[in-house]
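Enquirer: Coordinates only, no sequence provided:
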């Protein structure tokens, strides 16, 4: 079962919840004073806390509801200085200091198959919203959980957070996303926050992404540290494959990345070896 989480301090989260719920959801149980709802393999619950700070929510769900989630999907707003219109999905965790929930240098397990399937599904369901970019974001922020988790977000201003069409597109994507667990999984390394190379590859090729390490999180003078990050990312993505956005790096930076990948015992995968999605 996949658990959807609405956080009431987040207006986009509440609007997404309203877009998702319909008459065919059934009341399930009470969770900390709020109703939960069930439909097929989805359970939707509401928390009063800000989601990025709710470490161990998965343990609370087991304790209060007796539900062991396969994946947790947080419904959320996205905020950026550029105020770009965006519909995003991303894994969670911190490559360094935990400035927005979670713990320093700790990752929550990612949901590569589900997250990548959602990205592809959103691309289709939001085709009538050309102003919105449909993208991965790289791994960032909390909370810290033991269950595979992702954030699904609307960005980046109040206008988008309250946009009914944007919420409806994400709701539709939730119900139409189909995981293909035969696709290989890769950790992404390189690029910027919105992971354009990984987004493009996942949409067009048979490759699902787990955790993603952007250039800004890498100390290119410390291959050993990067190797440790790669190991942690692979462990929390259930893979030993790595996909590198090579063109986002200088040659000397790419050399450091290659050394770190080798030291981590990872296998490098190239887009030319991947099958196109039919």
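Expert: Structure received. Computed from a prediction, not measured in an experiment: that's the story for all the values here.
Enquirer: what sits up against the host helix or strand of residue 234?
Expert: Residue 234 is part of helix 223-235, with elements assigned from DSSP states H and E. Identification of contacts with helix 223-235 by Cβ atoms under 8 Å, 6 or more residues apart in numbering yields 95, 105, 107, 139, 187, 189, 210-213, 217-220, 240-242, 256-257, 259-261, 263-266. Glycine gets a C-beta too; all of them are placed from N, C-alpha and C.
Enquirer: From those residues, which land in strands?
Expert: Members of these lying in strands (criterion: DSSP state E): 187, 189, 210-213, 241-242.
Enquirer: average model confidence for stretch 85-103?
Expert: For stretch 85-103, mean pLDDT is 98.
Enquirer: now do the same end-to-end measure for it.
Expert: End-to-end distance for stretch 85-103, by Cα to Cα, to the nearest Å: 29 Å.
Enquirer: buried sites along that stretch?
Expert: Of all the residues in stretch 85-103, those buried under the rule 16 or more other Cβ atoms under 10 Å are 85-95, 98, 101-102.
Enquirer: and of those, the nearest to residue 252?
Expert: Of all the buried residues of stretch 85-103, residue 252 sits closest to residue 95, with 20.8 Å by Cβ to Cβ.
Enquirer: Can you report phi and psi for the closest one?
Expert: phi -80, psi -20 (degrees, to the nearest 10).
Enquirer: now it, nearest residue through space, not along the chain?
Expert: residue 217 (4.0 Å; Cβ to Cβ, 6 or more residues apart in numbering).
Enquirer: Can you report how many residues lie near the one you found?
Expert: A count of nearby residues for residue 217, using other Cβ atoms under 10 Å, gives 17.
Enquirer: again, but for residue 257
Expert: Residue 257: 25 neighbours (other Cβ under 10 Å).
Enquirer: Please shift the residue numbers so they start at 143 in all later answers.
Expert: In the new count, where the first residue is 143, that last one comes out as residue 399.
Enquirer: mind listing the helices for the chain?
Expert: 153-162, 199-207, 254-267, 300-303, 306-318, 338-346, 365-377, 393-405 (DSSP state H).
Enquirer: can you list the weak-confidence ranges in this structure?
Expert: Nowhere does the chain drop to pLDDT under 70.
Enquirer: hmm, try it at 90
Expert: 223, 420 (pLDDT under 90).
Enquirer: Just give me how far stretch 380-392 sits from the chain centre.
Expert: Taking Cα atoms, centre = their mean, to the nearest Å, one finds stretch 380-392 lying 17 Å from the centre of the chain it belongs to.
Enquirer: Which positions within that stretch qualify as buried?
Expert: Buried-residue list, stretch 380-392, by 16+ other Cβ under 10 Å: 381-388, 390-391.
Enquirer: Can you pick out the most distant pair from those?
Expert: Greatest spatial distance in those: 382 and 390, 22.2 Å, computed using Cβ to Cβ.
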